[in-house]
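J.: any chance you could fold what I've pasted below:
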Amino acid sequence: MSLHRRLSIASGAALLTLALTGCSGLGRTMVGTLTYETGRDVVVRVTSPSVNGCHRLAPSGATRVENATLVDIQLYRTRDCTGKDPIYLATTLTDEIVPGTLPWRSYSVIH
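T.: The predicted model follows:
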């Protein structure tokens, strides 16, 4: 086998390894769109956000959230994904706050 062919095979194997590890690494996304309406009647669309960590919503909070992604989320009334009684929002569902209650201010992905 020629040196050029061996280098091509080694390069291909290295690229395949990188591609496979990249799919399961920190760069994973929710695939789809998360749409929410703020307390000021502004509609915000977030496309394919990361599945990692806590995500803050608009400063005024969200009064309605539509989860058109491939994963389930939890909504929180705090900015840091903590607190009592988070709301579970499954994929393809929409939820709206009860009038007079605090808006949602953050969300996290359920793994």
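J.: excluding chain neighbours, what is closest to I87?
T.: Excluding its sequence neighbours, the residue lying closest to I87 (C-beta to C-beta, 6 or more residues apart in numbering) is L75, at 4.3 Å. From N, CA and C alone the C-beta is placed, and that goes for glycine too.
J.: from A68, how far out is the residue nearest to the spatial centre of the chain?
T.: For the chain, the residue lying nearest the average C-alpha position, counting by C-alpha atoms, centre = their mean, turns out to be P49 (3.8 Å). Taking C-beta to C-beta, to the nearest Å as the measure, P49 falls 12 Å from A68.
J.: give me the element the residue nearest to I87 is part of.
T.: strand 73-76 (DSSP states H and E).
J.: helices and strands around the next helix or strand after that strand, which ones?
T.: Using DSSP H and E, the next helix or strand after strand 73-76 towards the C-terminus is strand 87-89. Identification of packing neighbours for strand 87-89 by 3 or more C-beta pairs under 8 Å, 6 or more residues apart in numbering; DSSP states H and E yields strand 73-76.
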